[in-house]
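>>> Generate coordinates for the sequence data below:
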Amino acid sequence: MHKTTSLGSIIHSFEAIPTELAHQIIDDLRVWDVLKLLCYQNDRVDDSIMSHPICSIIIPSDLQSISKIRFATEFYRVFFSKLGKRHVPNDSILSLNIHCVDRQKIDTILGYMNVRIHRRIKKHCLPFHLSHFGRSKNISFAVWRPLEFAYSFEELKECWDDIQAAKTTLFKQMASELHWAADILEANPDILKRTLDPGQERRPNTAHIVSRMRRAAAKIVRSPREEFVCSEHFSSMLLPIIPFDSALNEMICLMQSRGIVMGNQVVTDSLPPSITKLIQVVICGMPCFYMSPIELRTPSYMKMKPNANEKGEIPRTGNTLWSEQLKIPVSIDGPFFTPFKTGNVYAFRRSPSVGWDPHSEMEKEWLESFVGLYRYLNGKLDISG
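Modelled structure (predicted):
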């Protein structure tokens, strides 16, 4: 508790006044004020409260019960302070004058506090998929117990701590991905673009796009763990960066002219192992995008996407040796990437519950391999090391 609050001055005055006057001060306090006074763990205050005619009925005098009340009150205070919510709603039992609850027991008061925390955790965090970022299954919506099977305050705090730890991990991964995307776009603006950009021409404002990504990453890192940070870069199932169609076409033409692709065969016998690996990664990922782990758990949701195949996969390319036959007719010459060709931007929207999830690491590996292979085929990749 902070001794700079108005209750701090009350505690100071208790040291110098008789018990009768202390009781008169308590008479004017709300239930919440009395609970906060208990958290100061001041012997003189505790004696005044426990000898008060109403408080002595509401609050048990044994040390174990008082310790339980202090833990619940402090957790409740910190919890709603961090969420920026009022500790005492106007119509709650905590807002009543201490004389108005003379027939209530402390269990009723603590029960209200417990239920309010329970509902806020469920509403605020559990609908989002955080369990794969945390260390406890308690933060999974599927196993969250309903109100009739109440959590203790200790269990609620443990769950809340796990949620905050999971968010810390999530935010770090989000920021890391945005920094990665900004770096790779900044280094390769001639062959890469924003995925959400329907154009196929190099933009003159690449520096501005990169700067926005880094500012978004910084905002995520600075954000309170109690909040979720909305970012356009994670609203799509796809990475925020994708190659130009022209880069895909040029890479395939170069592979054919170099004899790497002969008919429907890939020949890598004379290539360095590092380049062979790049080719394998690029070709294996050519048919479909790699989805994030959480999206792969909901194949029924993916199958509803108009640009998905029967397996719930999103085709990555068209008109290549490795592309699957698209079910949506498109009249485009040459190899191309499917975003904006087989569906508008809304077809690639994520489920709201995973709208903050970092994308698949395999997807990042694919894009890095594409860039590396393209640069090698153009003679701009040093493989001597």
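
>>> so what's the closest residue to residue 259 other than its chain neighbours up against?
Excluding the flanking residues, the one nearest residue 259 by Cβ to Cβ, 6 or more residues apart in numbering is residue 267, at 6.2 Å. (C-beta placed from N, C-alpha, C; glycine too.) Going by Cβ atoms under 8 Å, 6 or more residues apart in numbering, residue 267 touches 259-261.

>>> repeat for residue 96
30-31.

>>> about what we covered before: could the contacts of residue 267 go into JSON lines alongside secondary structure?
Below are these laid out as JSON lines (DSSP: H, G, I helix; E, B strand; the rest coil):
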{"residue": "259", "secondary structure": "coil"}
{"residue": "260", "secondary structure": "coil"}
{"residue": "261", "secondary structure": "strand"}
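
>>> Over to the residue nearest to residue 259: give its phi and psi.
When read as degrees, to the nearest 10, the backbone of residue 267 gives phi -110, psi 120.

>>> got the residue ranges for the helices in the protein?
In the chain, the helices defined using DSSP state H lie at 6-14, 19-27, 31-39, 43-50, 55-58, 63-83, 106-124, 153-187, 206-222, 245-257, 273-284, 293-296, 299-303, 361-377.

>>> quick one: buried residues of the longest one?
For helix 153-187, the neighbour count (16 or more other Cβ atoms under 10 Å) marks 153, 156-157, 159-160, 162-167, 170-171, 173-175, 177-182, 184-186 as buried.

>>> What is it packed up against?
Helix 153-187 is packed against helix 63-83, helix 106-124, strand 192-194, helix 206-222, strand 241-243, helix 361-377, with contacts defined by 3 or more Cβ pairs under 8 Å, 6 or more residues apart in numbering; DSSP states H and E.

>>> hey, C-alpha coordinates of the last one in PDB?
Put plainly, it is helix 361-377. The C-alpha trace of helix 361-377 is given here as PDB (Å, rounded to 0.1, in the frame of the first residue of the first chain):
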ATOM      1  CA  GLU A 361       8.900 -19.700 -38.500                       C
ATOM      2  CA  MET A 362       8.800 -21.900 -41.500                       C
ATOM      3  CA  GLU A 363       7.200 -19.000 -43.400                       C
ATOM      4  CA  LYS A 364      10.100 -16.800 -42.400                       C
ATOM      5  CA  GLU A 365      12.600 -19.400 -43.500                       C
ATOM      6  CA  TRP A 366      10.900 -19.700 -46.900                       C
ATOM      7  CA  LEU A 367      11.100 -16.000 -47.500                       C
ATOM      8  CA  GLU A 368      14.800 -15.800 -46.400                       C
ATOM      9  CA  SER A 369      15.500 -18.800 -48.700                       C
ATOM     10  CA  PHE A 370      13.800 -17.200 -51.600                       C
ATOM     11  CA  VAL A 371      15.900 -14.000 -51.200                       C
ATOM     12  CA  GLY A 372      19.100 -16.000 -50.900                       C
ATOM     13  CA  LEU A 373      18.300 -18.200 -53.900                       C
ATOM     14  CA  TYR A 374      17.300 -15.200 -56.000                       C
ATOM     15  CA  ARG A 375      20.600 -13.300 -55.100                       C
ATOM     16  CA  TYR A 376      22.700 -16.400 -55.800                       C
ATOM     17  CA  LEU A 377      21.100 -16.900 -59.300                       C
END
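
>>> Which of the residues in that helix are classified as buried?
Per 16+ other Cβ under 10 Å, helix 361-377 contains these buried residues: 363-364, 366-367, 369-377.

>>> Any chance of TSV for these, columns pLDDT and distance to residue 78?
Formatted as TSV, those follow (pLDDT from 0 to 100; distance: Cβ to Cβ, whole Å):
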residue	pLDDT	distance to residue 78
363	95	39
364	96	37
366	98	44
367	98	42
369	97	47
370	98	48
371	97	47
372	96	49
373	96	52
374	96	52
375	96	52
376	94	55
377	94	58
